[in-house]
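Enquirer: here is the input, now give the coordinates:
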Amino acid sequence: MQRDEQIPTQSSSTQPLPGARTPLSIQIALLIYQLAWSLAIPFLRRNHRLQIGFDQRILREIPATADLWIQASSVGEAFLTWEIIKKLKPAKPTRVLLTTYTSQGMEILEKARSEAMQQAGNLTIHTAYFPFDHPTLMTKAVAAIRPQVMLLLESELWPGLLQACKQQQVKVLVANGRMTARSLARYRIWPTLWRHLRPDRILAISTDDASRFATLFGKDRVETMPNIKFDRISNQGAPTATDNPLTHLFPADGTSSLIVLGSIRQEEAADTIKLICTIREKNRQVIIALFPRHMHRIKNWKKILEGLKCPWQLRSRATRPVGHGTIILWDTMGEMLSAYQLANTAFIGGSLAPMGGQNFLEPLTCGLKPVIGPYWSDFSWIGQEIIDQRLVFQAKDWQEAAEILLRNSAEPPQREQTRLQVLDYVKNHCGGTVQTCSTINTLLSAAKNQ
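Expert: Below you'll find the predicted structure:
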């Protein structure tokens, strides 16, 4: 790897910021943005989550060159990337760089890369951590990677990256695009900046999202697409508890129900604890698996559970069946789907507080009908029909959520029946991956023919 020990600052740019073609107001905005990053990077070095891959984030290690650069912010976008890599069949040999901001996302991208490289095809894939969006760093990154197409997934719009791509004539595609009304309001504080940086193509997951993108970037750049997450459901085979890596954690006599609380956000911690206490008051046998949305919140959850004075333990320390009524605080990655396969019922977080919800399609892929709270606007693209058909139970508050979970935990779930209902629901919502790959290949072909 090449190395550059200096973090670029406003006065030590390896390349100048945008030149004559960039309006003065935009140049000023990007200079201010660059200064903010220059001040922030020394402090970001102290963040333990960002220390992983820090040399890549500041380009002391230069990523591999690539024809296609795909940025997947974290876990959710990394899974979307995996779907795209599976179906991306370019006509000519193509180098692909997969980047992410988090270690959890990197784990998934590495698995996707390993799987893809084992199959005969035209793809050569590398992974790296996404550089900080310091404009000079991004100019250097794009110049070194030399992508022909930059793919951003869902809601990532990075000014430094977009400007560097514009300077170096890299086609930018946003796929599985989503934009909330709140985000649009923030972007419209400086609309000329975003109009200047606008991507070449945007594939939005709903007409509402497409309308917001069009308001910011213009209708000519935007079209709609089915959400790739529907493809993930249709492509997954029937789950089975056989050989499930978590089976050994639970009593073999079948006398305890398992309730999974998945992707719980810190903002709903107080309501979640009330929900847990209510469940334990009415059923002392039930085992509760608590999955925080963010691993760096484990310490906070440990303090909360210590205050409850009830049996609990960390997943990482569980080597034998836990006792009846135990709360398991999940501090290991990549096991939530396995827990859904063994659970009687599940609650999906981000929905008891106005956080927009978390992905409640995942338990459905395991034949488990989940419970959610009243806030799920980030997943409105799934459709109200999924609740009307009682594939998902929506509770008005934590009390009702606890009641539904207790009721559902009393009986084993009808997994195969639920899976068939879900597959029937999503069959008319698939095709997003194919549309994205087709657009990528079109842009790649156009770039190679120039």
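Enquirer: residue 336 reaches residue 291, doesn't it?
Expert: Yes: using Cβ atoms under 8 Å, residue 336 is in contact with residue 291, at 5.4 Å. Where C-beta positions appear, they are placed from N, C-alpha and C, glycine not excepted.
Enquirer: show me where the stretch 151-300 of the chain has its helices.
Expert: 159-167, 181-187, 191-196, 207-217, 228-235, 269-282, 298-308 (DSSP state H, counting those that start in this stretch).
Enquirer: again, but for the stretch 301-450 of the chain
Expert: Going by DSSP H, counting those that start in this stretch, the stretch 301-450 of the chain shows helices at 336-342, 361-365, 385-388, 398-409, 415-426, 432-448.
Enquirer: among those helices, which is the most enclosed?
Expert: With neighbours taken as mean count of other Cβ atoms under 10 Å, the helices of the stretch 301-450 of the chain reach their highest mean count in helix 361-365, at a mean of 23.
Enquirer: who touches both of residue 336 and residue 291?
Expert: 260, 262-263, 330 (Cβ atoms under 8 Å, 6 or more residues apart in numbering).
Enquirer: tell me the contacts of the residue nearest the centre of the chain?
Expert: Using Cα atoms, centre = their mean, the residue of the chain that lies closest to the mean C-alpha position is residue 76, 2.2 Å off. Taking Cβ under 8 Å, 6+ apart, we find residue 76 in contact with 154, 359.
Enquirer: and it, what element?
Expert: Using DSSP states H and E, residue 76 sits within helix 75-87.
Enquirer: export that helix as CSV, just CAs?
Expert: Output of helix 75-87 as CSV, limited to C-alpha atoms (Å, rounded to 0.1, in the frame of the first residue of the first chain):
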residue,chain,number,x,y,z
VAL,A,75,-25.0,-3.1,8.0
GLY,A,76,-28.3,-2.5,6.1
GLU,A,77,-26.6,-1.1,3.0
ALA,A,78,-23.9,-3.8,3.1
PHE,A,79,-26.7,-6.5,2.8
LEU,A,80,-28.0,-4.5,-0.2
THR,A,81,-24.5,-4.5,-1.7
TRP,A,82,-24.4,-8.3,-1.3
GLU,A,83,-27.6,-8.7,-3.3
ILE,A,84,-26.2,-6.4,-6.1
ILE,A,85,-22.9,-8.3,-6.3
LYS,A,86,-24.8,-11.6,-6.7
LYS,A,87,-26.7,-10.3,-9.7
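Enquirer: tilt between that helix and helix 228-235?
Expert: Relative orientation of helix 75-87 and helix 228-235, computed by axes from the mean of the first three to the mean of the last three Cα atoms, to 10 degrees: 60 degrees.
Enquirer: quick one: buried residues of helix 75-87?
Expert: 75-86 (16 or more other Cβ atoms under 10 Å).
Enquirer: ok, now stretch 53-61?
Expert: Those would be 53-54, 56-59, 61, for stretch 53-61 by 16+ other Cβ under 10 Å.
Enquirer: any idea how far that stretch is from the chain center?
Expert: 22 Å (Cα atoms, centre = their mean, to the nearest Å).
Enquirer: quick check: end-to-end length of it?
Expert: 9 Å (Cα to Cα, to the nearest Å).
Enquirer: and the closest residue to residue 162 other than its chain neighbours, what's its pLDDT?
Expert: Distances taken as Cβ to Cβ, 6 or more residues apart in numbering put residue 197 closest to residue 162, at 4.0 Å, once the chain neighbours are dropped. pLDDT, residue 197: 95.
Enquirer: which ones are touching residue 197?
Expert: Contacts of residue 197 (Cβ under 8 Å, 6+ apart): 157, 159, 162-163, 166.
Enquirer: of these, just the buried ones, PyMOL syntax please.
Expert: In PyMOL, this line selects whichever of those come out buried by 16+ other Cβ under 10 Å:
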select buried, resi 157+159+162+163+166
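Enquirer: how about TSV for the contacts of residue 197, with distance to residue 424 and pLDDT added?
Expert: Listed next are these as TSV, based on distance: Cβ to Cβ, whole Å; pLDDT from 0 to 100:
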residue	distance to residue 424	pLDDT
157	36	95
159	43	96
162	40	97
163	46	96
166	44	95
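Enquirer: what is the nearest of the contacts of residue 197 to residue 313?
Expert: residue 157 (41.7 Å; Cβ to Cβ).
Enquirer: got a list of what the closest one touches?
Expert: By Cβ under 8 Å, 6+ apart, the neighbours of residue 157 are 174, 187, 194, 197.
Enquirer: need the contacts of residue 197 in JSON lines (columns: distance to residue 282).
Expert: Formatted as JSON lines, the contacts of residue 197 follow (distance: Cβ to Cβ, whole Å):
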{"residue": "157", "distance to residue 282": "47"}
{"residue": "159", "distance to residue 282": "52"}
{"residue": "162", "distance to residue 282": "53"}
{"residue": "163", "distance to residue 282": "57"}
{"residue": "166", "distance to residue 282": "59"}
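Enquirer: okay, among the contacts of residue 197, which ones form the most distant pair?
Expert: 157 and 166 (12.8 Å).
Enquirer: give the next helix or strand downstream of the helix holding residue 76.
Expert: Following helix 75-87 in sequence order, the next helix or strand is strand 94-100 (DSSP H and E).
Enquirer: following that following strand, which helix or strand comes up?
Expert: Following strand 94-100 in sequence order, the next helix or strand is helix 103-117 (DSSP H and E).
Enquirer: between strand 94-100 and the following helix or strand past that following helix, find me the angle.
Expert: Once the chain leaves helix 103-117, the next helix or strand it forms, by DSSP H and E, is strand 123-129. Strand 123-129 and strand 94-100 meet at an angle of 20 degrees, taking the same axes, to 10 degrees as the criterion.
Enquirer: elements contacting strand 123-129?
Expert: Here strand 123-129 touches helix 54-57, strand 94-100, helix 103-117, going by 3 or more Cβ pairs under 8 Å, 6 or more residues apart in numbering; DSSP states H and E.
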